[in-house]
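Colleague: Quick one, fold the following:
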Amino acid sequence: MDKSRIPILVGCGQITQREDDPLKALSPIDLTAEACFEAAKDSGAGKILLDKLDTIVTIRSFSDTSWRFKCPYGRYSNPPLSLAKRINANNVKNHIYTLPGGNMPQWSINRIFELITKGEVQTALLAGGEALYTQKNAQRKGIKLNWSEDLGNLYEEWGIKKRGWSDIEDNHGMKGAIFAYPLIENAIRGKENRTIKQHNIEMGNILEKFAEVAKNNPLADRRQGYSAKEISDVNEQNPYIGFPYTKLMNANAFIDQSSAIIMTTVKHAKELGINRNKWVYLHGCADTYDHWYLSDRINYYSSPAMKIACNEALKMANCLIDDIDFLDIYSCFPSAIKIACDEMNIDINTSKDLTVTGGLPYFGGPGNNYVTHSISEIMHKVRKNIGAKGLVTANGNYITKQSVGIYSSEQTTRMFAPTNPSLYQAKINKDKGPRFKEEANGNAYIETYTVINDREGPSFSILFGRLNDGSRFIANTPNDKDLLLDMMANDYLNIRGKVEYKNNINIFKPT
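Modeller: Numbers count the residues shown, from 1 in each chain. This is a model prediction of the structure:
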């Protein structure tokens, strides 16, 4: 094989900032630069490696992604160029800023490896960072920060430029992860035939193991080692956010974290004197996506895309799921863990850790960039355990965009050549859910639902339902606090009632 076209990962760096004074805290781009310096140091080549970069891919910030995290302190017009200037990467030709999605770190590594194999890229940096704790802390303290930098916007974008929810879903308040994943979770509960209490305990049992890993990770934000009971019990300190999720079941976005990964060729690594024990190979990978809108899914407890992505990555790596030594399952909410395990044939009660970081609720959920951290941790694991394999799953939107990577320090025996995703994406696209009606009227029942809570308690509900002809609709219930409280105390799955379309939304009234 041509060593000038064999891609490898050679450096990784991570930073968790714990600074309570917003004026002393690093800005998001400065925090990301620190992770880049750490990655260069980790490689053994030092800052000379940053000078050799020809490509920088910066993961999209949450402030540029979601209305919920919009920054009041300005924005960077060209994040990859701002980062290049801070790390003195003066020879970068390709400045790339990703589009949204928690899948994008793994997706981007897959693309970088393809470009290296084609000879179009020699040395690349993938990096991202968030300072949402500092942003929120400054707002709370009334401190003004200046996080603006206008360097123009001449950069390339990677990813899919499409909002994760439809207009009709938006009309009903289903416009973000905290609104979508609880709907998926209650559907899982229905499939498993559990009571609300039984399912809360089960979610706590799953996440307790993640909290234990975070407890032993000095980079984790929440290191208390929460018990299953502490995670699942609903109280003032741990209220429902989107029923059935308590606060401790949600990804923890308000943290200051950054991470970076450097990739190059075997030939260039040798020229730079990067020790062989730093090299990590990507043995298998795949990228797929389920139907874009929840309204179109076959059901709310499975992911055909996750199954195919895992199988394709394992096939490329010429191994089985039982051959994987280290796992990091994307864990923004319990439903993401459960569905991934089901689709990959992993026993969710396995004694093997399902995370190497502690997961998004406890390690931290730095926006779209979490998986850059999990890949960094996997790199450390497979470097220390020669021949071991580590698998990372990366999830974007709402169990929508799936990316899988399998890593090892063991040299690959073939050139990097993943299957073209279009060859298996067509099957997923073909298998669509029931006919969807934007305007629903008549007798119906609830397919799945959630109750969204704010500081005052239950605020509103979202549900997917079915009409008597089998067609699906999205709806809210009447804004009746007693009804909303009852929907969290008692099981409303399959409850019958009537739905009426009025003023651009459907209202379902249980009978």
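Colleague: Tell me which residues touch the closest residue to residue 445 other than its chain neighbours, please.
Modeller: Nearest residue to residue 445 in three dimensions, chain neighbours excluded: residue 496, at 4.7 Å (Cβ to Cβ, 6 or more residues apart in numbering). (Each C-beta comes from the backbone N, C-alpha and C, glycine too.) Going by Cβ atoms under 8 Å, 6 or more residues apart in numbering, residue 496 touches 443-445, 510-511.
Colleague: residues of the longest helix seen in the chain that come out buried?
Modeller: As assigned by DSSP state H, the longest helix anywhere in the chain is helix 196-215. Neighbour-count burial for helix 196-215 flags 196, 199-214 (criterion: 16 or more other Cβ atoms under 10 Å).
Colleague: Which members of the contacts of residue 496 are classed as buried?
Modeller: 444-445, 510.
Colleague: for those residues, which one is nearest residue 504?
Modeller: If you rank those by distance to residue 504 using Cβ to Cβ, residue 444 comes first, at 18.2 Å.
Colleague: tell me the phi and psi of the closest one?
Modeller: Reported as degrees, to the nearest 10, the phi and psi values for residue 444 are phi -160, psi 170.
Colleague: returning to what we had before: in terms of secondary structure, what does the longest helix of the chain contact?
Modeller: Helices and strands in packing contact with helix 196-215 are listed as helix 177-192, helix 228-232, helix 334-343; criterion 3 or more Cβ pairs under 8 Å, 6 or more residues apart in numbering; DSSP states H and E.
Colleague: ok, and which of these has the densest surroundings?
Modeller: The highest mean neighbour count among these, using mean count of other Cβ atoms under 10 Å, belongs to helix 334-343: a mean of 24.
Colleague: can you list contacts of it?
Modeller: Contact with helix 334-343 is made by 181, 184-185, 188, 203, 206-207, 245, 249, 301-304, 306-307, 310, 329-331, 346-348, 354, 393, 395, 399, as judged by Cβ under 8 Å, 6+ apart.
Colleague: just stretch 224-235 next, same as before
Modeller: Surrounding stretch 224-235, the residues in contact under the criterion Cβ under 8 Å, 6+ apart are 200-201, 203-205, 207-208, 211-212, 214-215, 238, 240, 246, 248-249, 362.
Colleague: next one: stretch 27-41
Modeller: Taking contacts as Cβ under 8 Å, 6+ apart, the residues outside stretch 27-41 that touch it are 11-15, 17, 26, 46-47, 49-50, 58, 61, 63, 76, 79, 82-83, 86-87, 125, 127-131, 134, 145, 147, 149, 256-262.
Colleague: Which ChimeraX command selects the buried ones in those?
Modeller: Written as a ChimeraX command, the selection of buried residues from these, which uses 16+ other Cβ under 10 Å, is:
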select :11,12,13,14,15,17,26,49,50,58,61,63,76,79,82,83,86,87,125,127,128,129,130,131,134,145,147,149,256,257,258,259,260,261,262
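Colleague: Restricted to helices, list the contacts of stretch 27-41.
Modeller: Secondary structure assignment (DSSP H) places 49-50, 79, 82-83, 86, 134 from the contacts of stretch 27-41 within helices.
Colleague: Now for those: which two are most distant?
Modeller: 49 and 134 (28.4 Å).
Colleague: May I see the buried residues of whichever helix or strand residue 139 is part of?
Modeller: With elements taken from DSSP states H and E, the one containing residue 139 is helix 132-141. The neighbour-count criterion (16+ other Cβ under 10 Å) identifies 132-135, 137-138 as the buried residues of helix 132-141.
Colleague: dump the residue contacts of the closest residue to residue 105 other than its chain neighbours.
Modeller: Spatially, and ignoring its direct neighbours in sequence, residue 105 is nearest to residue 371 (3.9 Å; Cβ to Cβ, 6+ apart). Under the criterion of Cβ under 8 Å, 6+ apart, the neighbours of residue 371 are 102-106, 328, 330, 392, 394, 403.
Colleague: I appreciate the help and will end here.
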